[in-house]
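**Student:** Show me the folded form of this:
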Amino acid sequence: MNGAAVLLLGHGSRDADANIEFEALVGRYRALRPDLDVGYAYVELAAPLFADALAELARRSARVVVVPVFLFLVGHVKNDVPLVLARARRNFPAVRFEAGRELGIHPDLVALAFERAASVAPLGPEAAAGTAVALVGRGSSDPDANGDFCKLARLFGEGRGFAWVLPCFVGVAKPLVPEALALAGRARPERLLVVPYVLFAGRIVSKLGRQVAEFAAGNPWVRTTLAPPLGADDSRLLAVLDERVRAALDGTARLPCDACQYRVPVGGIADRVGGLRALLWSLRHLETHGQAMPHPHAHRPLAKHVLVCTNVDCADRGSVALLEALRRLVREAGRENDIQVTRTGCMGRCGEGPTLAVYPDGIWYRGVREADAAELVGEHLLRDRLVPRLVDSILQ
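**Tutor:** Residues are numbered from 1 along each chain as shown. Model (predicted):
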């Protein structure tokens with residue numbers, strides 16, 4: 001058997017270009033460290049999957065070190081990595097398996113994000129004073145990872161003279177990007193710079209591009225610019241990765257658990273604390289993704305999807321209160337997992353709103369008030385009975 005092998009672990013994406021970028025980073029690292037047997041794998045959504053690649057390295061190496069190429073210490077790193085390693089240790093008892101740290105909050109990565117921002121906008125002292133920055137993270141269900149991202153946002157702006165640095169997220173955590181952009185727009189900065197703090201281009205960056213374009217079209221008085229992601233082609237990213245690999249090989253790196261939601265109480269989710277809960281949560285997540293890859297996440301289809309117009313005219317007529325009432329009633333009925341209520345832009349029925357549509361039924365309602373929410377939920381959403389007095393007959 002060979003000596004040490006290193007497995008670089010990526011998240012995986014449905015976007016082939018993002019996976020190509022990750023694999024390009026792996027190729028550059030192999031060229032940097034020809035003394036190591038370097039493999040790669042993905043947690044989900046792309047091949048090779050983690051457990052398969054780990055077994056392949058174990059068949060030819062006496063020691064395998066897993067280094068997660070993740071920006072923050074998310075649940076995949078805290079739980080999926082130990083679970084897969086435990087299984088590998090049972091299957092290959094003669095092989096030594098270890099895990100290194102994630103990339104984490106590193107000054108070189110903060111500097112790289114600033115350079116990506118500076119590549120699309122002037123950021124000298126005078127320009128920075130009129131610039132608001134929306135620093136965008138992927139978003140996680142792990143409060144520890146979200147907390148680290150907010151810390152990084154502070155480090156990004158520290159001493160650089162920006163008017164404002166607002167951390168926000170593409171999904172899962174709040175504030176979401178559209179909410180953050182709207183908030184920043186109301187402050188009327190001279191320039192709004194949107195900086196994606198993600199490693200590679202992919203669906204997240206594409207979605208972000210659409211959101212920025214939509215905001216810019218609706219707020220032409222704010223010069224809005226989208227910076228590129230960190231990318232795989234910077235020597236500093238490679239250096240940080242090598243630093244993490246060397247620390248793992250030296251035995252000086254550990255996965256920290258000081259703020260792990262499964263091990264210590266965090267805010268309002270203290271019920272997740274406990275090794276058994278962590279184990280069950282991780283096993284369910286891991287097995288679901290393993291079965292679904294490379295298809296979209298496995299989940300039950302929605303029974304109903306309700307779109308509520310919250311554009312200016314409908315909002316003035318009470319559509320925001322209607323939206324919240326519908327969501328509340330759906331939650332109280334215990335149906336939030338298969339009935340989704342979503343805000344949307346103008347639905348073309350200005351002056352006749354608030355307007356909402358129910359799919360897959362294709363039924364539109366107009367002139368709907370907050371007081372009508374209980375009837376709509378009780379009749380249409382739960383019992384599949386139309387509310388005729390509110391149906392937009394023009395569209396039937």
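**Student:** Give me the phi and psi for the residue nearest the centre of the chain.
**Tutor:** Centroid check for the chain by C-alpha atoms, centre = their mean gives residue 138 as the closest residue, at 3.0 Å. For residue 138, the backbone dihedrals are phi -60, psi -40 (criterion: degrees, to the nearest 10).
**Student:** From residue 69, how far out is it?
**Tutor:** When distance is defined by C-beta to C-beta, to the nearest Å, residue 138 is 13 Å away from residue 69. Where you see a C-beta, it was placed from the backbone N, CA and C, and this is true even at glycine.
**Student:** Also residue 338?
**Tutor:** Distance from residue 338 to residue 69, counting by C-beta to C-beta: 35 Å.
**Student:** Which one's more surrounded, these two?
**Tutor:** Neighbour totals were compared for residue 338 and residue 69, and residue 69 leads with 22 against 14 (other C-beta atoms under 10 Å).
**Student:** wait, isn't that one in contact with residue 198?
**Tutor:** No: Residue 69 sits out of contact with residue 198 when judged by C-beta atoms under 8 Å, with a separation of 11.9 Å.
**Student:** How many neighbouring residues does residue 376 have?
**Tutor:** Count around residue 376 with other C-beta under 10 Å applied: 22.
**Student:** Could you measure from the nearest residue to it once chain neighbours are set aside over to residue 348?
**Tutor:** Nearest residue to residue 376 in three dimensions, chain neighbours excluded: residue 387, at 5.8 Å (C-beta to C-beta, 6 or more residues apart in numbering). Relative to residue 348, residue 387 is positioned 21 Å away (C-beta to C-beta).
**Student:** Compare those two (neighbour count), which wins?
**Tutor:** residue 387 (16 against 11).
**Student:** For that one, grab phi and psi.
**Tutor:** phi -110, psi 90.
**Student:** who touches it in this structure?
**Tutor:** 365, 372, 375, 376, 379, 380 (C-beta atoms under 8 Å, 6 or more residues apart in numbering).
**Student:** Local confidence estimate at it?
**Tutor:** Per-residue pLDDT puts residue 387 at 91.
**Student:** coming back round to it: the residue nearest to the centre of the chain contacts residue 198, correct?
**Tutor:** Yes: counting by C-beta under 8 Å, residue 138 does reach residue 198; the two are 5.8 Å apart.
**Student:** Touching both of those two, which residues are there?
**Tutor:** Joint contacts of residue 138 and residue 198 (C-beta under 8 Å, 6+ apart) are 71, 204.
**Student:** how about the helices in the stretch 251-396 of the chain?
**Tutor:** Here the stretch 251-396 of the chain has its helices, by DSSP state H, counting those that start in this stretch, at 275-292, 312-316, 319-332, 373-375, 382-383.
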